[in-house]
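Visitor: quick one, structure for this:
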Amino acid sequence: MGKARNIMITIGASVAVGVVIGMLYAPVEGSEARKKIRALKRKLTCEEDIDDDRETLEELSTLLQKELRIVNEKLEKR
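Guide: Residues are numbered from 1 along each chain as shown. Presented below is the predicted three-dimensional model:
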């Protein structure tokens, strides 16, 4: 169970870094992006159960995909 938890933590950290980078390049105000980052950070640090962590990671993944789509659309319009 220790290896699985380490893998989940590594994946979670990677996704979190990706989300932060995506938000920094997203076409939203900085204050709004910082609010989202703080909310996601609270979710990640407060969760104890792996199932809850998995749901949080799925939400982060969905949010990252959405933010990246927005960035790609903006880049394609240039």
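
Visitor: could you say what helices and strands the lowest-mean-pLDDT helix or strand in the chain packs with?
Guide: Least confident helix or strand, the chain: helix 30-46 with a mean of 74, by mean pLDDT, DSSP states H and E. Using 3 or more C-beta pairs under 8 Å, 6 or more residues apart in numbering; DSSP states H and E as the contact criterion, the secondary-structure elements in contact with helix 30-46 are helix 2-25, helix 50-77. The C-beta positions use only the backbone N, C-alpha and C, and glycine is treated the same way.

Visitor: does residue 27 touch residue 70 like I think?
Guide: Yes. The pair residue 27 and residue 70 passes the contact test of C-beta atoms under 8 Å, sitting 6.3 Å apart.

Visitor: could you find the closest non-adjacent residue to residue 59?
Guide: residue 43 (7.6 Å; C-beta to C-beta, 6 or more residues apart in numbering).

Visitor: burial count for the one you found?
Guide: The number of residues packed near residue 43 is 17, by other C-beta atoms under 10 Å.

Visitor: one more: residue 70?
Guide: Residues lying near residue 70 (other C-beta under 10 Å) number 15.

Visitor: same question for residue 10.
Guide: For residue 10, the number of neighbouring residues by other C-beta under 10 Å comes to 10.

Visitor: repeat that for the one 4 residues further on.
Guide: Residues lying near residue 14 (other C-beta under 10 Å) number 11.

Visitor: same thing with residue 40?
Guide: Using other C-beta under 10 Å as the criterion, residue 40 is surrounded by 20 other residues.

Visitor: do the same with residue 4
Guide: Applying other C-beta under 10 Å, we find 9 other residues in the vicinity of residue 4.
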